[in-house]
Structure formats: C-alpha cells, structure tokens
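Asker: Here is my input; please provide its structure:
(one chain, ligands or ions: 2)
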Amino acid sequence: MTIQSLNDLFVHTLSDVYSAEVQLTRALPKMAQAATAEKLIEGFTQHLEETKGHIERLDQVIQALDGVELQNVTCVAMEGLIKEGEEIIQEVEQGPVRDAGLIVAAQKVEHYEISSYGSLMALAKNLGYDNVVSVLKNTLDEEKATDEKLTMLAEQQVNQHAA
Ligand SMILES: [Fe+2]
Ligand SMILES: [Fe+2]
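Answerer: Ligands and ions are numbered 1, 2, ... in the order given. The predicted structure follows:
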C-alpha cells in the first residue's frame, strides 16, 4: 500500500504502533520472569496491564474514526528492541546486572512509544481528529510515567545493587 496523504501516514503510524503494543504484551511477561528485583517485576507486570489498556485505547481511536482500516504492518523497530531485551536475558545471568540491563532495554521501548504517540498526536491534530487526541494523550502520559519510574528504580536501587 502506498502512502500518499497525511491521513495515509496517520493510518500507517497507527497500524505500526498497534503492532508494537501487541508485541509488547508478549514480551513483558518474559521480562518480568527474567527480573529479580521485586519492584522491577511489579513494574513490568503493571505495565503489561497498562499496555493492554493501550491496545483498547487504539481500538477506541479506530472506532472514533469510523472503523478506519489498519494496515497489515509489523513494527520492526519494536521487534528489534524486544530482541535487544532477549539478548540481555541470554547474555547476563539472573541478578542485579541483568535487572539493570532489562531497565536499559525497557526504557528504549518506552522512548520509542513516547515518540510514536507524540507523532500520532501531532498528525491527529493536523488532520482535525480532535476526538482522538486526548485518548492518545492518556497513553502518552502513561508511557512517560513508566519511563520516569524506570529511571528512579535504576538510579535509586537497581544500579546501586549492580555496582
Ligand atoms: Fe504502550
Ligand atoms: Fe510502554
């Protein structure tokens, strides 16, 4: 499918982020299982629930736009970011250093999502899709909060433990 209009680009970006969120619902349980610090396990588990909510919000966006049809795209960026997390699990034995590495991988994921939702919101605003902007913003805020929690967890606990 060719992308010609700004709307096409919006639909493409929406399809890409949908794929990213679905991939993440499969990766987060594995990351939780591979972690040791209780707070990190809790964090991954909580963000799994939020991520399911992000998919529900994307479904709301689709409905609000009269059932716009998603493209069949795989988010290859998320595939790569998840692979990096898997590498950490394979190469670092269970414990504080692996936890620190899992946070590195998870924050790359959150930053990718933050950028995706920021771009989607900008496109939605320009296209006059005002009814979906606040829905996207709710998810963006949760991605940012998750990123900040991971920073705190790294700085205040996990990295000190690993050092
Ligand atoms: Fe998300
Ligand atoms: Fe996220």
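Asker: SS state for residue 33?
Answerer: With DSSP: H, G, I helix; E, B strand; the rest coil as the basis, residue 33 sits in helix.
Asker: Please tell me how far it sits from ligand 2.
Answerer: Remark: distance between residue 33 and ligand 2 (CB to the ion, to the nearest Å) = 18 Å. Backbone N, C-alpha and C define where each C-beta goes, glycine included.
Asker: would you put the C-alpha positions of the lowest-mean-pLDDT helix or strand in the chain in PDB?
Answerer: When each helix and strand of the chain is scored by mean pLDDT, DSSP states H and E, helix 159-162 comes last, with a mean of 88. Extracted in PDB, the C-alpha atoms of helix 159-162 (Å, rounded to 0.1, in the frame of the first residue of the first chain):
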ATOM      1  CA  ASN A 159      22.100   0.200  39.500                       C
ATOM      2  CA  GLN A 160      23.500   0.600  43.000                       C
ATOM      3  CA  HIS A 161      22.800  -3.000  43.700                       C
ATOM      4  CA  ALA A 162      24.600  -4.000  40.500                       C
END
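Asker: Going by neighbour count, list what's buried in it.
Answerer: Using 16 or more other CB atoms under 10 Å as the test for burial, helix 159-162 gives 159, 162.
Asker: Residues touching that helix, excluding its own?
Answerer: Around helix 159-162, the neighbours that count as contacts under CB atoms under 8 Å, 6 or more residues apart in numbering are 37, 95, 96, 97, 99, 100.
Asker: And those residues, which two are furthest apart?
Answerer: With distances taken as CB to CB, the most widely separated pair in the contacts of helix 159-162 is 37 and 97, at 11.5 Å.
Asker: Look at these two and report which has more neighbours.
Answerer: Remark: of residue 37 and residue 97, residue 37 carries more neighbours, 20 against 17, as counted by other CB atoms under 10 Å.
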